[in-house]
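Asker: The amino acid sequence is not available; the structure is as follows:
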């Protein structure tokens, strides 16, 4: 599965509509055609919420997990699969793997939310913890230091990107007149998939990444014209943000992303609270960041779709946010 | 709008597919075609969740509010409208009324959730509090004791029932093979609407009401063969349950409801927690009761649809439930 950087960028940038349509077939029955909900707040533009938090296991990652395993044979999978994931991708992979009896090892960063780790263990995943820097090294080198099967990169893998891109096909069907899509930026696999799928089916839509202050590696890369290492400040937003854009993803991102909006953790928290109290949705910080970006004056656009990427947030954190004074 | 009991039962029991299809046209743009989500728990049967908590204002009541106002002329509405409602129906009415500049008065019981009252005030509704017994008297007599416009009964009104019934049309389209529908029982307008719509379009589906222990007026009426007054014990479930089935609704219910499942408040709480942790949905107690009934051994059925009627629960109550030891 592991491919050289140049090959990965070239492969995904050459994706066709058929790649995404085949992915849509593979994930059927495993992932939800998720609802697109009206955001009812007062903004100068329309905002629609793509509720990926309602997916099985609470995030869009079930799409790519199901698609990537669908492209591999039983022989290829005999020794199991391994991945680096803060939890959501590993969960999606594990759900699809469980159906085929495939062993999964997840290498996770030490700050991963407990709810995600518990969910992995419930899915019989072998969980290995690493420091943040060790974890990013595994992601960059694709070397887990163990014999744990086919390595599946949660971001830089064409089948992963195509699985993520099924969201693009869905929103194009649900909201043909959208002009802007806001996507939480973690490793780039989600935004690349959505952007490529929309491009492949001929939709011209502004692609906007959102990041959180203190972990805005994409904004830093765009300013520098290449990936640069930043000092990452932790926040309650654990599903996105990094200290550096992956080198092999950079050519893809620089070709596809039109803009980046960086929001504060406080704004992401307020958006999480707002989605709970006015939309009865439980979302994680990354999804809150997407709504915060969509409601910011920086957003632009008339018909905006914000991707609510996941809902995996600790109960305690969530209740803290709900109970904060407004 | 006020009609004699015999007329109401006769009118709604004569409903045609066209009544519901017209309602579906009237509510378009105001209510969501709500998603039907897979419940992922281990049960011997399939359970699908009709997520009405995701509606604008957090409950199915926006459907009937939009439909009932759609049947009235501007002349009829000059003096405003009044209703008796624990909050959800009044909200739906108010949302539809606001668009037409119509004044709304809501007569509410003293135990109504604060979040519902706050939402009414945000919609410029004139809120009048009553004791529980006074409130049920208004519901039974349709006399608010004030000159506050056209009285709209939240349950015993054909246009309200037709608005609710649009849920029946949707689930028939989303899940043609369903054999059982579980509906939280408050006044009976929701279950009557769904049952009548399914019947009108020729679907044979088992119609099951759910109630909470200590407020199971429908079960008491079915045992006695007529409405009887019970002593109601309050619980966190404030959207359903009553001390007596309304006399004018009884002929409708006895013709349409196949079974009643009574769940404990503890089971409803556990279901609320489960929907939060495994489905990222915020629901009120009534919706929790529907899932508790759907997962109970009493449920029966192979393809079960549970109606998650609303998501209007106080933040404090919700967090208490989330933080309870499992």
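Answerer: Received it, and whenever you're ready, just let me know what you need. Quantities reported herein were computed from a predicted structural model and do not represent experimental measurements.

Asker: give me the element residue A:127 is part of.
Answerer: Assigned by DSSP states H and E, residue A:127 belongs to strand A:126-130.

Asker: Equivalent analysis for residue A:37, please.
Answerer: Here residue A:37 is assigned to strand A:36-38, by DSSP H and E.

Asker: In the stretch 151-300 of chain A, what residue lies closest to chain B?
Answerer: Closest approach between the stretch 151-300 of chain A and chain B, counting by C-beta to the nearest C-beta: residue A:280, at 3.3 Å. No exception for glycine: its C-beta is placed from N, CA and C like everyone else's.

Asker: dump the residue contacts of that residue.
Answerer: By C-beta atoms under 8 Å, 6 or more residues apart in numbering or on different chains, the residues touching residue A:280 are B:53, B:54, B:58, B:281, B:282, B:283, B:311.

Asker: circling back to that earlier point, show residues contacting the strand holding residue A:127.
Answerer: For strand A:126-130, using C-beta under 8 Å, 6+ apart, the contacting residues are A:103-110, A:117, A:120-121, A:138, A:144, A:146, A:148.

Asker: Point out the other helices and strands that the next helix-or-strand element following that strand packs with.
Answerer: Counting by DSSP H and E, the next helix or strand C-terminal to strand A:126-130 is helix A:132-141. Applying 3 or more C-beta pairs under 8 Å, 6 or more residues apart in numbering or on different chains; DSSP states H and E, one finds that helix A:132-141 contacts strand A:81-84, strand A:104-109.

Asker: List the strands paired with the following helix or strand past helix A:132-141, with their directions.
Answerer: Moving toward the C-terminus from helix A:132-141, the next helix or strand (DSSP H and E) is strand A:150-152. According to DSSP bridges, strand A:150-152 has the following sheet partners: strand A:81-84 (parallel).

Asker: Could you look up the next helix or strand downstream of the partner strand?
Answerer: helix A:88-100.

Asker: That following helix: how far from the chain's middle?
Answerer: 15 Å (C-alpha atoms, centre = their mean, to the nearest Å).

Asker: how about the residue nearest in space to the middle of chain A, what does it touch?
Answerer: Nearest residue to the geometric centre of chain A (C-alpha atoms, centre = their mean): residue A:190, 4.5 Å. By C-beta under 8 Å, 6+ apart, residue A:190 lies in contact with A:60, A:164, A:167, A:183, A:184, A:307, A:309.

Asker: ok, now which ones touch the fourth one?
Answerer: The contact partners of residue A:183, by C-beta under 8 Å, 6+ apart, come to A:190, A:191, A:194, A:207, A:208, A:209, A:210, A:290, A:307, A:309.

Asker: secondary structure element for the fifth one?
Answerer: It stands for residue A:208. strand A:206-212.

Asker: Parallel or antiparallel, which strands does that strand pair with?
Answerer: strand A:180-184 (parallel), strand A:259-263 (parallel).

Asker: Kindly give the local confidence score, pLDDT, for the residue in the stretch 101-250 of chain A that chain B sits nearest to.
Answerer: Nearest to chain B in the stretch 101-250 of chain A, going by C-beta to the nearest C-beta, is residue A:115, at a distance of 7.9 Å. At residue A:115, the pLDDT value in this model is 77.

Asker: In terms of helices and strands, where is it?
Answerer: Residue A:115 belongs to helix A:114-122, assigned by DSSP H and E.

Asker: Tell me which other helices or strands that helix touches.
Answerer: helix A:88-100, strand A:104-109, strand A:126-130.

Asker: How far away from the center of its chain is the last one?
Answerer: Spelled out, it's strand A:126-130. Here the centre of strand A:126-130 is set off from its chain's centre by 20 Å, with C-alpha atoms, centre = their mean.

Asker: what about residue A:22, how many residues close to it?
Answerer: 17 (other C-beta atoms under 10 Å in any protein chain shown).

Asker: So it: helix, strand or coil?
Answerer: helix (DSSP: H, G, I helix; E, B strand; the rest coil).

Asker: Could you list the contact residues of the stretch 201-326 of chain A toward chain B?
Answerer: Selection of the stretch 201-326 of chain A residues close to chain B by C-beta under 8 Å from any C-beta of the partner chain yields A:276-283, A:311, A:315-316, A:318-319, A:322-323.

Asker: Apply 7 Å and report the result again.
Answerer: Within reach of chain B by C-beta under 7 Å from any C-beta of the partner chain, the stretch 201-326 of chain A has these residues: A:276, A:279, A:280, A:281, A:282, A:311, A:315, A:319, A:322, A:323.

Asker: residue ranges with poor pLDDT in chain A?
Answerer: A:1-6, A:326 (pLDDT under 70).

Asker: Tell me who's in contact with residue A:48.
Answerer: A:36, A:37, A:38, A:39, A:175, A:305 (C-beta atoms under 7 Å, 6 or more residues apart in numbering or on different chains).

Asker: Spatially, what comes nearest to the residue of the stretch 51-200 of chain A found nearest chain B if we skip its sequence neighbours?
Answerer: Of all residues in the stretch 51-200 of chain A, the one sitting closest to chain B is residue A:53 (4.5 Å; C-beta to the nearest C-beta). Residue nearest to residue A:53 in three dimensions, not counting chain neighbours: residue A:311, with 3.1 Å by C-beta to C-beta, 6 or more residues apart in numbering or on different chains.
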